[in-house]
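*Asks:* Provided below for reference: sequence and predicted model.
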Amino acid sequence: MRADATRGSIAWRVVRAVALLAFAVFFLVPLLSMADFSTRVVGGTGRTAQPWENLVQDPMLRSSIVTSLLLALLTTVLMLVLLTPTMIWVRLRVPAASRLVEFLCLLPLTVPPLVIVVGISNVYAWVSYLLGNSPLTLTFAYVVLVLPYAYRSLDAALGSINVVTLAEAARSLGAGWTTVIVRVVLPNIWPGVTSAAFVAVALVLGEYTFASLLNFETLPYVIGLLGKSDAPTSTAASLAVLVLASLLLVALTFVGRDNRRESRRDKPSRGALT
Amino acid sequence: MTVTDRTAAARDAGVGVSLVDLRRTYGSLHALDGLSLDIAPGEMVVLLGPSGCGKTTALRILAGLDHADAGSVIVGGQDMTRVPANRRDMGMVFQAYSLFPHMTVRDNVAFGLRLRGQDRARRLERCREMLDLVGLSDLEGRYAHQLSGGQQQRVALARALAVEPSALLLDEPLSALDAKVRVQLREEIRRVQVDVGTTTLFVTHDQEEALAVADRVGVMNAGRLDQIASPVELYARPATRFVAEFVGLSNRVPARVEGGRAVLLGTRVPLLEGSETSGRGWALVRPESVHVGEEGEPNARVVSVAFLGPFSRVQCRLADGQVMVAQLPSSTAVHLAQDAPVRVEVRAESVLVVPE
Ligand SMILES: Nc1ncnc2c1ncn2[C@@H]1O[C@H](COP(=O)(O)OP(=O)(O)O)[C@@H](O)[C@H]1O
Ligand SMILES: [Mg+2]
């Protein structure tokens, strides 16, 4: 019995290691090739850091990086500020409206980006008339774009706790609605909020269609342009975005894992104690 | 223990609560249909009724978590009908586990105190006191997921009582627990309630639970109160057919009312108030009022004997096919073989006779 279990666990470990290795190769080989390509001297031998230096030296590239990071930040903040309280409120006070909210939030998924852009360019004529022609006005379009994904992660997080009962418990103890949302609901759906934020950042850093059709110089758009003239620099920029996104993802995973480890630590056997 | 033999200090802690003619409809459904209820200071009233009869609705209206279409809620002489939940000062324990998952036991209990702006030292002291009261002082640092269901409900009780609420409201707090813990915890809830003397409304569909803990039990039926009385009174003198049948087991025996008495199975039994005054009807007879013996002329046969510890439940079939359930001391019941001829008699002090 015991020997069986041990053998089983060894086999399991081997399977896990192989799977992990396969995934590592699958993800790392393209990244390493990009790193290799972006440091190669074109048409010669040896290494150069020029493409990477371009990231900060090339004025167009640099400003596009700043634009995209700002866009990511603004989009994330605006999306969270709009969506989180709305979704909590709908759960607590107007559950009848939850279908409608879901429908509205998922709508952008069903319309092809190209169609949205064609429609939205009319709106943007007004936006740029009112707010100027800053690329940051893309924030509005991006919030809409991000909505379905953010909705999904927030909805899952809200579904995993008993929001209504927790809110009622807090209210009967004397909490007003703001306290209920900030001190009781938010801390419990935090993983959902962070993953919504992550999806937003990742989406904005990779969005090409809107930016190119509306002619705003975001990082993905500039990477696309450079790809035609200066491939190594464009590759370096892409790699930088990928690495940044991966780091974000890893950071998020660690936040989640920390919690789980803590809960495993001194969990009593259920039923033994009452 | 009754309200009268409590300590004066505990009695002072409670305030009176009145629900006056509460009505609540959901569409065409009358969840509450004119519910009125007075709870004396420090008293524990249990609302008992089948699922869907409006118990939770009544409790939520008292807590301010739902609103009545008509009627009012009076707490300590003040009309609270329009006061929002967070200003009502009610301690609530829910059926579903409701501890805040991201807080330790200590922070959960201190939550209400923190909202009331108490300083840290006072909070900690009160927290200890409450956790002592429910016997969980050593689990202060745990999170909800590290507690058993029974422990979670005790913490919820401590949390509700920490703010010294004007009333304690419990909505089937034990229904998610297993049988043994349920019995243990209901006694503990009662002990704590008597200790602190908080006016309490406890809601349950379990009649045994209701009879075990209440000062008075209010039996609800379709959004109204059928009868409210002490457990003993309720059991011995049910006012309506619904109460007689919902609280405890009852046999329905065909009876004739004659000269202010019920005639059934050849005996004459005094009538309970609310009975039919003439003609034929059903007499509702408790199993413990049914006597099964081997002496005398047999009028039934034993169908089955179920051993329940000190008591056994015996089913007998009368000559006319009617099945009667009797509760006998197990020492008597062991002598009864299946299919044995026996004599069944009704030996009740009084019975309720309802229309056929
Ligand atoms: N929010 C609601 N919407 C519609 N019907 C409801 C709602 N809450 C309760 N009801 C109905 O009101 C009746 C009483 O419910 P409730 O007070 O929860 O009963 P109990 O707690 O006694 O089981 C039930 O028939 C229930 O279906
Ligand atoms: Mg209920």
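*Replies:* Yep, that arrived. Ligands and ions are numbered 1, 2, ... in the order given.

*Asks:* what about the spatially closest residue to residue A:185 that is not a sequence neighbour, how many neighbours?
*Replies:* Excluding its sequence neighbours, the residue lying closest to residue A:185 (CB to CB, 6 or more residues apart in numbering or on different chains) is residue A:88, at 5.3 Å. Quick note: C-beta positions are derived from backbone N, CA and C, even for glycine. By the criterion of other CB atoms under 10 Å in any protein chain shown, residue A:88 has 21 neighbours.

*Asks:* so which strand or helix has residue A:88?
*Replies:* helix A:59-93 (DSSP states H and E).

*Asks:* contacting residues around whatever helix or strand comes next after that helix?
*Replies:* Of the helices and strands lying after helix A:59-93 in sequence (DSSP H and E), the nearest is helix A:98-110. For helix A:98-110, the surrounding residues in contact (CB atoms under 8 Å, 6 or more residues apart in numbering or on different chains) are A:83, A:86-87, A:90-91, A:116, A:144-145, A:147-148, A:150-151, A:155.

*Asks:* possible to save the residues you listed as CSV with distance to residue A:189?
*Replies:* As requested, those are exported to CSV (distance: CB to CB, whole Å):
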residue, distance to residue A:189
A:83, 12
A:86, 13
A:87, 9
A:90, 13
A:91, 10
A:116, 28
A:144, 22
A:145, 22
A:147, 17
A:148, 18
A:150, 12
A:151, 13
A:155, 10
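
*Asks:* would you turn those residues into a markdown table with distance to residue B:24 and pLDDT?
*Replies:* Listed next are those as a markdown table, based on distance: CB to CB, whole Å; pLDDT from 0 to 100:
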| residue | distance to residue B:24 | pLDDT |
| --- | --- | --- |
| A:83 | 33 | 95 |
| A:86 | 28 | 94 |
| A:87 | 28 | 95 |
| A:90 | 23 | 95 |
| A:91 | 22 | 94 |
| A:116 | 46 | 80 |
| A:144 | 41 | 91 |
| A:145 | 44 | 91 |
| A:147 | 37 | 93 |
| A:148 | 38 | 94 |
| A:150 | 37 | 94 |
| A:151 | 34 | 95 |
| A:155 | 30 | 95 |
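
*Asks:* Tell me, how many residues neighbour the residue in the stretch 251-356 of chain B that chain A sits nearest to?
*Replies:* Among all residues of the stretch 251-356 of chain B, residue B:309 sits closest to chain A, at 22.3 Å; criterion: CB to the nearest CB. By the criterion of other CB under 10 Å, residue B:309 has 6 neighbours.

*Asks:* for residue A:193, same thing?
*Replies:* Residues lying near residue A:193 (other CB under 10 Å) number 18.

*Asks:* Could you list the buried residues of the helix holding residue A:88?
*Replies:* Going by neighbour count (16 or more other CB atoms under 10 Å in any protein chain shown), the buried part of helix A:59-93 is A:61, A:64-65, A:67-76, A:78-80, A:83-85, A:87-88, A:90-92.

*Asks:* Contacts (any at all) between ligand 1 and it?
*Replies:* No. Helix A:59-93 is not in contact with ligand 1 by CB under 6 Å from any ligand atom; minimum separation 12.5 Å.

*Asks:* tilt between that helix and helix A:98-110?
*Replies:* Orientation check (axes from the mean of the first three to the mean of the last three CA atoms, to 10 degrees): helix A:59-93 against helix A:98-110 gives 160 degrees.

*Asks:* for residue B:226, phi and psi?
*Replies:* As for residue B:226, its main-chain torsions (degrees, to the nearest 10) stand at phi -80, psi -40.

*Asks:* ok now do it, which residues does it touch?
*Replies:* Residue B:226 is in contact with B:219-220, B:239-240, B:242-243, counting by CB under 8 Å, 6+ apart.

*Asks:* I figured residue B:338 hits residue B:305, correct?
*Replies:* Yes. Contact status for residue B:338 versus residue B:305: in contact at 7.1 Å, counting by CB atoms under 8 Å.

*Asks:* Now do the helices in chain A.
*Replies:* With helices called from DSSP state H, chain A shows them at A:2-38, A:50-57, A:59-93, A:98-110, A:113-131, A:138-159, A:163-172, A:177-179, A:186-188, A:190-206, A:209-214, A:219-229, A:231-265.

*Asks:* Now name the helix or strand holding residue B:112.
*Replies:* Applying DSSP H and E as the criterion places residue B:112 in helix B:105-115.

*Asks:* I'd like the distance from the next helix or strand after that helix to the chain centre, please.
*Replies:* Following helix B:105-115 in sequence order, the next helix or strand is helix B:120-133 (DSSP H and E). The chain centroid and the centroid of helix B:120-133 are separated by 30 Å under CA atoms, centre = their mean, to the nearest Å.

*Asks:* Does the next helix-or-strand element following helix B:120-133 reach chain A?
*Replies:* For helix B:120-133, the succeeding helix or strand toward the C-terminus, using DSSP H and E, is helix B:149-162. Yes. Helix B:149-162 lies within reach of chain A by CB under 8 Å from any CB of the partner chain, at B:149-151, B:156, B:159-160.

*Asks:* Produce a PyMOL select command limited to the buried residues of those residues.
*Replies:* For the buried members of the residues of helix B:149-162 next to chain A, the matching PyMOL selection, counting by 16+ other CB under 10 Å, is:
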select buried, chain B and resi 149+150+151+156+159+160
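
*Asks:* can I get the residues of helix B:149-162 next to chain A in TSV with distance to residue B:194 and pLDDT?
*Replies:* As requested, the residues of helix B:149-162 next to chain A are exported to TSV (distance: CB to CB, whole Å; pLDDT from 0 to 100):
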residue	distance to residue B:194	pLDDT
B:149	24	93
B:150	20	93
B:151	21	95
B:156	19	96
B:159	19	96
B:160	16	96
